[in-house]
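[1] test case, fold it:
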Amino acid sequence: CVKFANIKQMQVLRQSALYLMLRQMMQIEIHDRKPVRPFLHQLLRLTVQHTSDEIFDEFKIIAKHGCTLENIDYHIPGIETPLTREIKTMNINDGKRYKEYLNSNKDAKEALDNLYNSVNNIHSHLISGPDRNTFEKLIKDLEKQEKILGKNLTNNEIMKITKKINEES
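    Numbering: from 1, shown residues only. The predicted structure follows:
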(Lines give C-alpha, C1' and ligand atoms only; values in the text may rest on other atoms or scores of the structure.)
Protein backbone atom coordinates (compact mmCIF):
# COMPACT_ATOMS: atom_id res chain seq x y z
CA CYS A 1 0.00 0.00 0.00
CA VAL A 2 1.11 3.53 -0.79
CA LYS A 3 0.24 6.26 1.73
CA PHE A 4 0.46 9.98 1.08
CA ALA A 5 1.70 12.49 3.66
CA ASN A 6 -0.73 15.15 2.48
CA ILE A 7 -3.29 15.95 -0.19
CA LYS A 8 -0.80 18.07 -2.18
CA GLN A 9 1.54 15.09 -2.65
CA MET A 10 -1.39 12.96 -3.77
CA GLN A 11 -2.55 15.58 -6.30
CA VAL A 12 0.92 15.90 -7.81
CA LEU A 13 1.32 12.14 -8.08
CA ARG A 14 -2.17 11.72 -9.53
CA GLN A 15 -1.24 13.96 -12.44
CA SER A 16 1.86 11.98 -13.26
CA ALA A 17 2.33 8.96 -15.44
CA LEU A 18 3.72 7.14 -12.42
CA TYR A 19 0.36 7.36 -10.68
CA LEU A 20 -1.40 5.88 -13.70
CA MET A 21 1.09 3.05 -13.84
CA LEU A 22 0.76 2.38 -10.11
CA ARG A 23 -3.03 2.37 -10.38
CA GLN A 24 -2.85 -0.36 -12.98
CA MET A 25 -0.28 -2.48 -11.17
CA MET A 26 -1.59 -2.54 -7.63
CA GLN A 27 -4.11 -1.22 -5.20
CA ILE A 28 -3.33 2.27 -3.97
CA GLU A 29 -4.58 3.54 -0.66
CA ILE A 30 -5.35 7.23 -1.03
CA HIS A 31 -6.18 9.87 1.59
CA ASP A 32 -9.80 8.82 2.02
CA ARG A 33 -8.72 5.16 2.47
CA LYS A 34 -10.73 3.91 -0.54
CA PRO A 35 -8.79 1.26 -2.49
CA VAL A 36 -8.51 1.59 -6.25
CA ARG A 37 -8.71 -1.79 -7.99
CA PRO A 38 -6.21 -2.64 -10.71
CA PHE A 39 -7.52 -2.49 -14.27
CA LEU A 40 -5.73 -5.10 -16.31
CA HIS A 41 -6.80 -6.25 -19.77
CA GLN A 42 -6.12 -9.34 -21.79
CA LEU A 43 -4.90 -9.09 -25.39
CA LEU A 44 -6.14 -11.00 -28.43
CA ARG A 45 -4.66 -10.87 -31.92
CA LEU A 46 -7.39 -11.91 -34.34
CA THR A 47 -6.54 -12.46 -38.02
CA VAL A 48 -9.55 -11.95 -40.27
CA GLN A 49 -10.56 -11.56 -43.90
CA HIS A 50 -13.26 -9.10 -44.95
CA THR A 51 -13.72 -6.09 -47.22
CA SER A 52 -13.44 -2.46 -46.19
CA ASP A 53 -17.23 -2.17 -46.46
CA GLU A 54 -17.57 -4.38 -43.38
CA ILE A 55 -15.38 -2.29 -41.06
CA PHE A 56 -18.20 -0.57 -39.18
CA ASP A 57 -20.16 -3.79 -38.59
CA GLU A 58 -17.01 -5.37 -37.18
CA PHE A 59 -16.37 -2.32 -35.00
CA LYS A 60 -19.91 -2.45 -33.59
CA ILE A 61 -19.31 -6.02 -32.43
CA ILE A 62 -15.98 -5.14 -30.80
CA ALA A 63 -17.56 -2.16 -28.99
CA LYS A 64 -20.60 -4.23 -27.96
CA HIS A 65 -18.33 -6.50 -25.95
CA GLY A 66 -16.55 -3.59 -24.23
CA CYS A 67 -13.28 -4.30 -25.99
CA THR A 68 -10.78 -1.85 -27.47
CA LEU A 69 -9.42 -2.05 -31.00
CA GLU A 70 -5.75 -1.28 -30.34
CA ASN A 71 -4.35 -1.59 -33.86
CA ILE A 72 -4.72 -3.16 -37.29
CA ASP A 73 -1.92 -5.10 -38.98
CA TYR A 74 -2.14 -5.35 -42.77
CA HIS A 75 -0.33 -8.45 -44.00
CA ILE A 76 1.31 -7.90 -47.39
CA PRO A 77 1.73 -11.27 -49.15
CA GLY A 78 5.32 -12.52 -48.96
CA ILE A 79 6.41 -10.02 -46.29
CA GLU A 80 6.61 -11.21 -42.69
CA THR A 81 6.41 -7.82 -40.95
CA PRO A 82 2.95 -6.25 -41.33
CA LEU A 83 2.02 -2.63 -41.96
CA THR A 84 0.47 -1.43 -38.67
CA ARG A 85 -2.12 1.30 -38.03
CA GLU A 86 -2.65 2.35 -34.43
CA ILE A 87 -6.35 2.77 -33.61
CA LYS A 88 -6.86 2.60 -29.80
CA THR A 89 -10.61 3.08 -29.55
CA MET A 90 -13.67 1.35 -28.17
CA ASN A 91 -16.05 4.28 -28.61
CA ILE A 92 -18.81 3.49 -31.12
CA ASN A 93 -18.93 7.18 -32.06
CA ASP A 94 -15.36 6.91 -33.40
CA GLY A 95 -16.55 4.09 -35.64
CA LYS A 96 -19.51 6.17 -36.84
CA ARG A 97 -17.27 9.15 -37.59
CA TYR A 98 -14.87 6.95 -39.57
CA LYS A 99 -17.75 5.45 -41.57
CA GLU A 100 -19.08 8.96 -42.34
CA TYR A 101 -15.57 10.11 -43.28
CA LEU A 102 -15.18 7.26 -45.77
CA ASN A 103 -18.66 7.89 -47.20
CA SER A 104 -17.92 11.58 -47.76
CA ASN A 105 -14.28 11.26 -48.92
CA LYS A 106 -14.09 9.23 -52.11
CA ASP A 107 -10.27 9.40 -52.28
CA ALA A 108 -9.86 8.05 -48.74
CA LYS A 109 -12.32 5.22 -49.42
CA GLU A 110 -10.54 4.37 -52.67
CA ALA A 111 -7.14 4.34 -50.92
CA LEU A 112 -8.50 2.05 -48.19
CA ASP A 113 -10.04 -0.26 -50.81
CA ASN A 114 -6.69 -0.41 -52.60
CA LEU A 115 -4.94 -1.33 -49.34
CA TYR A 116 -7.49 -4.05 -48.58
CA ASN A 117 -7.24 -5.42 -52.13
CA SER A 118 -3.43 -5.50 -51.96
CA VAL A 119 -3.57 -7.70 -48.85
CA ASN A 120 -6.46 -9.87 -50.11
CA ASN A 121 -8.62 -8.34 -47.35
CA ILE A 122 -6.45 -10.12 -44.75
CA HIS A 123 -5.49 -8.21 -41.63
CA SER A 124 -5.13 -8.71 -37.89
CA HIS A 125 -6.63 -6.79 -35.02
CA LEU A 126 -4.95 -6.41 -31.67
CA ILE A 127 -7.90 -6.23 -29.31
CA SER A 128 -7.81 -5.64 -25.57
CA GLY A 129 -10.62 -6.80 -23.35
CA PRO A 130 -11.46 -7.66 -19.76
CA ASP A 131 -11.12 -11.46 -19.93
CA ARG A 132 -10.96 -14.60 -22.07
CA ASN A 133 -14.68 -15.27 -21.66
CA THR A 134 -15.44 -11.93 -23.29
CA PHE A 135 -13.07 -12.79 -26.13
CA GLU A 136 -14.86 -16.09 -26.75
CA LYS A 137 -18.21 -14.26 -27.03
CA LEU A 138 -16.60 -11.64 -29.28
CA ILE A 139 -15.15 -14.31 -31.58
CA LYS A 140 -18.49 -16.11 -31.77
CA ASP A 141 -20.22 -12.89 -32.87
CA LEU A 142 -17.46 -11.97 -35.34
CA GLU A 143 -17.61 -15.43 -36.95
CA LYS A 144 -21.18 -14.63 -38.03
CA GLN A 145 -19.91 -11.46 -39.74
CA GLU A 146 -16.54 -12.33 -41.29
CA LYS A 147 -13.99 -15.06 -41.96
CA ILE A 148 -11.64 -15.61 -39.02
CA LEU A 149 -8.32 -17.08 -40.14
CA GLY A 150 -6.82 -17.55 -36.69
CA LYS A 151 -6.21 -16.15 -33.26
CA ASN A 152 -2.90 -15.17 -31.72
CA LEU A 153 -0.98 -16.24 -34.83
CA THR A 154 2.64 -15.20 -35.30
CA ASN A 155 3.67 -12.99 -38.21
CA ASN A 156 5.38 -16.02 -39.78
CA GLU A 157 2.19 -18.12 -39.55
CA ILE A 158 0.16 -15.29 -41.09
CA MET A 159 2.75 -14.83 -43.86
CA LYS A 160 2.28 -18.50 -44.84
CA ILE A 161 -1.51 -18.05 -44.92
CA THR A 162 -1.32 -14.88 -47.03
CA LYS A 163 1.12 -16.53 -49.42
CA LYS A 164 -1.19 -19.54 -49.86
CA ILE A 165 -4.28 -17.36 -50.39
CA ASN A 166 -2.37 -15.14 -52.82
CA GLU A 167 -1.32 -18.21 -54.86
CA GLU A 168 -4.94 -19.44 -54.96
CA SER A 169 -6.22 -16.08 -56.24
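
[2] element containing the residue most central in space within the chain?
    When CA atoms, centre = their mean is applied to the chain, the residue found nearest the centroid is Leu69 (2.2 Å). Leu69 is located in strand 68-74, with elements delineated by DSSP states H and E.

[3] one more: Phe56?
    helix 55-64.

[4] same check on His125?
    strand 122-129.

[5] pull out the buried positions in the helix holding Phe56.
    Within helix 55-64, the residues scored as buried using 16 or more other CB atoms under 10 Å are Ile55, Phe56, Glu58, Phe59, Ile61, Ile62, Ala63. Glycine gets a C-beta too; all of them are placed from N, C-alpha and C.

[6] surely the third one touches Ser52?
    No: distance between Glu58 and Ser52: 10.4 Å, which falls outside the contact criterion (CB atoms under 8 Å).

[7] I figured Tyr116 hits Thr51, correct?
    Yes: with contact taken as CB under 8 Å, Tyr116 and Thr51 are classed as touching, separated by 6.2 Å.

[8] what's the spacing between Ile62 and His41?
    Taking CB to CB, to the nearest Å as the measure, Ile62 falls 13 Å from His41.
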